[in-house]
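Enquirer: What would the 3D arrangement of this be:
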Amino acid sequence: MKSAYELAMERLNSESPQEKPLTDEQKKALAEIDEKYRAKAAEREIFLNQKLGDAISKGEMQEAEAIRKQISSEKNRIQDECETAKDKIRNES
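Expert: Take a look at the predicted model:
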């Protein structure tokens, strides 16, 4: 027996057929975007983790909490940018 989610996904796929297959050039561009944004995320995380360590060592817990929230926010922002860039590639003719 299929779950409601599986049934809904089947209906959705039947109503709007799958996208056309990606070209090799598009696949390469998507891989490059993934690599670029993975590096960008790692760079920000390293920088912010250093700031977090400094705040904790100084006993500035409010500052540390703000930095933790910033880390989460930055990860989400970079992921959104990555997906937007990838969608642009996917939607090219």
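Enquirer: where does the protein dip in pLDDT?
Expert: Scanning the chain for pLDDT under 70 picks out 1, 12-19, 93.
Enquirer: So which residues of it form helices?
Expert: Assigned by DSSP state H, the chain shows helices spanning 4-15, 24-57, 61-90.
Enquirer: Turn these into TSV, columns for mean neighbour count.
Expert: Any C-beta I mention is one placed from the backbone N, CA and C, and that applies to glycine too. Output for those, formatted as TSV (neighbours: other C-beta atoms under 10 Å):
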stretch	mean neighbour count
helix 4-15	10
helix 24-57	13
helix 61-90	14
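Enquirer: Find the centremost residue of this protein, please.
Expert: Residue closest to the average C-alpha location in the chain (C-alpha atoms, centre = their mean): Gln79, at 2.2 Å.
Enquirer: contacting residues for that one?
Expert: Tyr37, Ala41 (C-beta atoms under 8 Å, 6 or more residues apart in numbering).
Enquirer: Correct me if wrong: Arg90 contacts Leu22.
Expert: Yes. Shown here, Arg90 and Leu22 form a contact pair, counting by C-beta atoms under 8 Å, at 7.0 Å.
Enquirer: Find residues that contact each of those two.
Expert: Common neighbours of Arg90 and Leu22, using C-beta under 8 Å, 6+ apart, are Leu30.
Enquirer: how close does the residue nearest to the centre of the chain get to Ala8?
Expert: Look at Gln79 and Ala8: by C-beta to C-beta, to the nearest Å, they are 25 Å apart.
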